[in-house]
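# Build the 3D model from these lines:
(chains A and B)
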Number of protein chains: 2
Amino acid sequence: MDPYGLRRVLSPPGVLPQRADVLDPRLPLGDDELAIDVEALNVDAASLRQIEGAVGRDPARVGAEVERIVRERGKLHNRVTGSGGMLLGRVAEVGPRHPAAGTLSPGDRVATLVSLTLTPLALRRVTAVRLEAERVECEGRAILFATGLWARLPDDLPERLVLAVLDVCGAPALVARHARPGQRVLVLGAGKSGALVGAQAKRSLAGRGEVVAADRSEAALAAVRAAGCCDRAIALDATDAVAALARAGAAGGPFDLVVNCASVPGTEMASILCARDGGTVIFFSMATSFTAAALGAEGVGKDAHLVIGNGYVPGHADLALDLVRADARLRSLFERRYAR
Amino acid sequence: MDPYGLRRVLSPPGVLPQRADVLDPRLPLGDDELAIDVEALNVDAASLRQIEGAVGRDPARVGAEVERIVRERGKLHNRVTGSGGMLLGRVAEVGPRHPAAGTLSPGDRVATLVSLTLTPLALRRVTAVRLEAERVECEGRAILFATGLWARLPDDLPERLVLAVLDVCGAPALVARHARPGQRVLVLGAGKSGALVGAQAKRSLAGRGEVVAADRSEAALAAVRAAGCCDRAIALDATDAVAALARAGAAGGPFDLVVNCASVPGTEMASILCARDGGTVIFFSMATSFTAAALGAEGVGKDAHLVIGNGYVPGHADLALDLVRADARLRSLFERRYAR
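The predicted structure follows:
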């Protein structure tokens, strides 16, 4: 058993696949591995911009560069940005001791929910490059380890909508663990994860308590409000902690749960100040500074429970997709924003 | 009421004191403020090294530079390192609406537990500079806001020992909230906070479960073991996640609670891999990378509760000092390491 895929690390020896320079995608399938016939790579936006900068915004050249990286490293791991992306394909083979044995069968369409930076990959050829969709269509084979997360692609929702939801599906699932009826919940950021978090918080509160959405964009706020993702929406700039505290205070005072889904740096203090003593702050923003959060709370003597938003909670993909299925307004928001 | 000290911010307007360029330490004392006659500044090590580099390792020049910074900014906030330190002194005056009214009286000796980077300070003169102790003795006045943390300096313990304990007192207090009898607890790092965390974990487990200390220094491990801060000690390098997992596995398998008190970067994955599914990881190391923790857990499909170690938990100073008082071996460790 090799749940982390250590035997596929060619160099340097002894590191995890994500930190490896080169992986071996061609070893025979392990008993606890899963093989995927790859249809498309969704390339991380930062990586794609870097590749375009290096070889030009030309589909053929971008495709050749992707092939070169994968040939060299055995994975699509951009050396400059450090990022990868995720992939779509059909199950080719399920090892008898892989956790999905009995659940997945050859031919099932799946998306991987782990980064391409740790996914062994061999490409036969790139068939099309769609720069605007950040997507490289291809033929190839990828390996998922026993710990590697995946989601079955449903038939009833547009694929691009599904990918947009899966990208942030850990956020509503973690909020479901923390939100309780009667609470006051503040969601900072009205983007993709903010919308799903708000929808889950509304569900968890079950009509008791209040979900407040905050963003600096009035348009984004109007959209999540219309989609039923909040009880109230307030415009504020979360990088201005003092002003944000005043706005949140005017909206009913401190919150039991603050969920940071902001996309910009410098929003840690606003999150902490808006939480009540004894409350919880969950940080999902990848722009979060660990020290700004830890020292910020201490600096204002705030006894708040500070949580790093782990992207994985069991059942997260189904939970997030079900949120979108359950509410036509939310589904419509995602279709308009992400599935055109 | 002005719990965050906003009225003392001179520039730029509207920010919190920590982010301010200049504070006004000379305003009349507010109803919810506390004034301290300062005896000594414990200058942050990084700040002191920078000042020495700029003006030379000369006590008189360092003292003059500290006076210059405080005169210019109204606080000891090093512009290069962004850091401050903490201070010791005697209570001069307690505003009637300050939370310590009724608890503290003029003349009481206290230490501040909030950074000098947000503490309004006016110096009359520097009286002595002790570079080896990172200490500037002085006469001056400082202001604590209602949210500013402080601790009464006890008579029964050496002052340097007390300061060493107060520096990390949030860690054992937060562990007391998470550790439960029967758990297996792993403490990464056998320094100051690791020792206190181990001692608290032993207490919280009440004889059921196991506390394992891990560090790459055999000497540090021997010291915390002799001080009764663990049931078992294992030597490992937490920056090598794969090797650390193997060592921790050999010491009994995954842990319910992993507490990261390491002082080096790159230990997030080892912390996450050593936790069981459904377990908790608390990060106290200021070298923690938020994204390495969040994405690392997702990358290996680990459903762990990831916690940012908030430096403030109510009662943290007394809890940590009581740990040292309660065990002669632990007290002896701190006296040898920090109070010579």
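
# Can you show me the helices along the stretch 201-340 of chain A?
Remark: helices assigned in the stretch 201-340 of chain A by DSSP state H, counting those that start in this stretch are A:218-226, A:241-250, A:268-274, A:290-299, A:316-326, A:328-338.

# Tell me which of those sits nearest to A:Pro120.
Smallest distance to A:Pro120 across those (Cβ to Cβ): 21.8 Å, for helix A:316-326. C-betas here are computed from N, CA, C, even on glycine.

# and the closest one, which residues are buried?
A:His316, A:Ala317, A:Leu319, A:Ala320, A:Leu321, A:Leu323, A:Val324 (16 or more other Cβ atoms under 10 Å in any protein chain shown).

# quick one on the thing from earlier: with respect to chain B, which of the helices of the stretch 201-340 of chain A lies nearest?
Chain B lies closest to helix A:290-299 among the helices of the stretch 201-340 of chain A, at 3.4 Å (Cβ to the nearest Cβ).

# what packs against the closest one?
helix A:268-274, strand A:305-308, helix B:290-299, strand B:305-308 (3 or more Cβ pairs under 8 Å, 6 or more residues apart in numbering or on different chains; DSSP states H and E).

# so which of those is the most packed in?
Counting by mean count of other Cβ atoms under 10 Å in any protein chain shown, helix A:268-274 has the highest mean neighbour count of the helices and strands packed on helix A:290-299, with a mean of 28.

# rewinding a little: now render the helices of the stretch 201-340 of chain A as CSV, adding distance to B:Gly198 and mean pLDDT.
Converted to CSV, the helices of the stretch 201-340 of chain A look like this (distance: least, Cβ to Cβ, whole Å; pLDDT from 0 to 100):
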stretch, distance to B:Gly198, mean pLDDT
helix A:218-226, 46, 97
helix A:241-250, 35, 94
helix A:268-274, 28, 97
helix A:290-299, 20, 93
helix A:316-326, 34, 97
helix A:328-338, 47, 94
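
# Can you add distance to B:Val211 and give these back as JSON lines?
Below are the helices of the stretch 201-340 of chain A laid out as JSON lines (distance: least, Cβ to Cβ, whole Å):
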{"stretch": "helix A:218-226", "distance to B:Val211": "46"}
{"stretch": "helix A:241-250", "distance to B:Val211": "38"}
{"stretch": "helix A:268-274", "distance to B:Val211": "30"}
{"stretch": "helix A:290-299", "distance to B:Val211": "23"}
{"stretch": "helix A:316-326", "distance to B:Val211": "32"}
{"stretch": "helix A:328-338", "distance to B:Val211": "46"}
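
# Quick check: which of those is nearest to B:Gln18?
helix A:290-299 (5.7 Å).

# Would you mind measuring from A:Glu93 to A:Leu116?
Using Cβ to Cβ, to the nearest Å, A:Glu93 is found at 20 Å from A:Leu116.

# More neighbours: which of these two?
Using other Cβ atoms under 10 Å in any protein chain shown as the criterion, A:Glu93 and A:Leu116 rank with A:Leu116 on top: 25 against 14.

# Contacts only, for that one.
A:Leu116 makes contact with A:Leu41, A:Asp44, A:Lys75, A:Leu76, A:His77, A:Gly84, A:Gly85, A:Met86, A:Leu87 under the criterion Cβ atoms under 8 Å, 6 or more residues apart in numbering or on different chains.

# Looking at these, which one is closest to chain B?
Nearest to chain B among these, with distances taken as Cβ to the nearest Cβ, is A:Gly84, at 10.3 Å.

# Who are the contact partners of that closest one?
By Cβ under 8 Å, 6+ apart, the contact set of A:Gly84 is A:Val43, A:Asp44, A:Ser47, A:Lys75, A:Leu76, A:His77, A:Asn78, A:Ser115, A:Leu116, A:Thr117, A:Leu118, A:Thr119.

# I'd like to know how far the last one sits from chain B.
Plainly put, A:Thr119 is 10 Å away from chain B if you go by Cβ to the nearest Cβ, to the nearest Å.

# Any idea how many residues pack against that residue?
30.

# And for the fifth one?
Using other Cβ under 10 Å, A:Leu76 has 27 other residues around it.

# Tabulate the buried residues of helix A:316-326 (JSON lines), appending distance to B:Asp167.
Output for the buried residues of helix A:316-326, formatted as JSON lines (distance: Cβ to Cβ, whole Å):
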{"residue": "A:His316", "distance to B:Asp167": "38"}
{"residue": "A:Ala317", "distance to B:Asp167": "43"}
{"residue": "A:Leu319", "distance to B:Asp167": "42"}
{"residue": "A:Ala320", "distance to B:Asp167": "42"}
{"residue": "A:Leu321", "distance to B:Asp167": "47"}
{"residue": "A:Leu323", "distance to B:Asp167": "45"}
{"residue": "A:Val324", "distance to B:Asp167": "48"}
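
# List just the nearest of the residues you listed to B:Leu166.
Using Cβ to Cβ, those come closest to B:Leu166 at A:His316, 40.4 Å.

# so what's that closest one closest to, chain neighbours aside?
Nearest residue to A:His316, sequence neighbours excluded (Cβ to Cβ, 6 or more residues apart in numbering or on different chains): A:Ala173, at 3.7 Å.

# The one you found belongs to a helix, doesn't it?
Yes. Membership of A:Ala173 in a helix is supported by DSSP: H, G, I helix; E, B strand; the rest coil.

# thought it was touching A:Asp322?
No. A:Ala173 is beyond contact range of A:Asp322, at 10.6 Å (criterion: Cβ atoms under 8 Å).

# how about the helices of the stretch 201-340 of chain A, which one is nearest A:Gly207?
Using Cβ to Cβ, the helices of the stretch 201-340 of chain A put helix A:316-326 closest to A:Gly207, at 15.3 Å.

# where does that closest one sit relative to the chain's centre, distance-wise?
In terms of Cα atoms, centre = their mean, to the nearest Å, the centre of helix A:316-326 is found 14 Å from the chain centre.

# counting contacts, what elements does it pack onto?
Applying 3+ Cβ pairs under 8 Å, 6+ apart, we find helix A:316-326 packed against helix A:159-167, helix A:170-178, helix A:192-205, helix A:328-338.

# if we go to 10 Å?
With contacts taken as 3 or more Cβ pairs under 10 Å, 6 or more residues apart in numbering or on different chains; DSSP states H and E, helix A:316-326 sits against strand A:150-152, helix A:159-167, helix A:170-178, helix A:192-205, helix A:328-338.

# Quick one: list the elements packing against the last one.
When contacts are defined as 3+ Cβ pairs under 10 Å, 6+ apart, helix A:328-338 packs onto helix A:159-167, helix A:192-205, helix A:218-226, helix A:316-326.

# I'd like those laid out as a markdown table, including distance to B:Thr127.
Shown next, in a markdown table, are the helices and strands packed on helix A:328-338 (distance: least, Cβ to Cβ, whole Å):
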| stretch | distance to B:Thr127 |
| --- | --- |
| helix A:159-167 | 59 |
| helix A:192-205 | 54 |
| helix A:218-226 | 56 |
| helix A:316-326 | 60 |
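
# A:Val136 contacts A:Val66, correct?
Yes. With contact taken as Cβ atoms under 10 Å, A:Val136 and A:Val66 are classed as touching, separated by 5.4 Å.

# Common neighbours of these two, please.
Both A:Val136 and A:Val66 are contacted by A:Leu41, A:Val43, A:Leu48, A:Ile51, A:Leu76, A:Gly85, A:Leu123, A:Val126, A:Val129, under the criterion Cβ atoms under 10 Å, 6 or more residues apart in numbering or on different chains.

# Which two among these are spaced furthest apart?
Farthest pair in the shared contacts of A:Val136 and A:Val66 (Cβ to Cβ) is A:Leu48 and A:Leu123. Separation: 16.2 Å.

# between the helix or strand hosting A:Arg141 and helix A:159-167, how big is the angle?
Element membership for A:Arg141, per DSSP states H and E: strand A:135-144. With axes from the mean of the first three to the mean of the last three Cα atoms, to 10 degrees applied, the angle from strand A:135-144 to helix A:159-167 works out at 50 degrees.
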